[in-house]
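Enquirer: need a structure here:
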Amino acid sequence: MKILRTPDHRFDNLKGYPFAPKYTEIETQDGSNLRIHHIDEGSKGNPLLLCMHGQPVWSYLYSKMIPHLVEGGIRVIAPDLPGYGKSDKPAARENYSYQNQVDWMTQWLISNDLKNVSFFGQDWGGLIGLRMVANEPDRFEKVS
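Expert: Predicted structure coming up:
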């Protein structure tokens, strides 16, 4: 699979997005490496909220909410779905199937060993996230 990557410097000094990038590499069905970006804010011991965006946005969608949630004692993780934001972008349109997104994000969830997760999803992120909950129910404790 041909994969495109937006250079990191394209996101430098982005107003209202002061979050340190975190990346996880997963292997796609054809053996390609796909880099998925996420932000992880708040203390690791705090309750965990996974916020997944929909189309056509990215984790920037949650940039104004995250500081308030962290201030309230929540750890927030917000990934960029493959094809969006700081995550890699498969070049071919046919790679953007619902099943691929579910598979990739489930691998991402497992790779990051996230547990006791409360899930919040917007638009397509909600549909993908609900399948992640179905695939890995023991990792989740709440769905919003």
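
Enquirer: drop to CA atoms for contacts and neighbour counts, all remaining ones
Expert: OK.

Enquirer: so what secondary structure elements neighbour the longest strand seen in the chain?
Expert: Ranked by residue count under DSSP state E, the longest strand found in the chain is strand 33-41. Contacts defined by 3 or more CA pairs under 8 Å, 6 or more residues apart in numbering; DSSP states H and E place strand 33-41 against strand 22-27, strand 75-79.

Enquirer: Could you check how far the residue nearest the centre of the chain is from P7?
Expert: Nearest residue to the geometric centre of the chain (CA atoms, centre = their mean): P79, 1.8 Å. Between P79 and P7 the computed distance is 17 Å (CA to CA, to the nearest Å).

Enquirer: Ok, R93 next?
Expert: In terms of CA to CA, R93 sits 21 Å off from P7.

Enquirer: still on that earlier bit, just confirm the residue nearest to the centre of the chain contacts M52, I think it does.
Expert: Yes - assessed by CA atoms under 8 Å, P79 is found in contact with M52 at 6.3 Å.

Enquirer: which residues are in contact with both of the two?
Expert: Residues touching both P79 and M52 (CA atoms under 8 Å, 6 or more residues apart in numbering): S59.

Enquirer: residues in contact with S118?
Expert: Applying CA under 8 Å, 6+ apart, the residues contacting S118 are 47-50, 140-144.

Enquirer: and it, helix, strand or coil?
Expert: strand (DSSP: H, G, I helix; E, B strand; the rest coil).

Enquirer: Flag every buried residue along stretch 128-142.
Expert: Within stretch 128-142, the residues that count as buried by 16 or more other CA atoms under 10 Å are 128-133, 139-140.

Enquirer: if you look at those residues, which of them are in helices?
Expert: 128-133 (DSSP state H).
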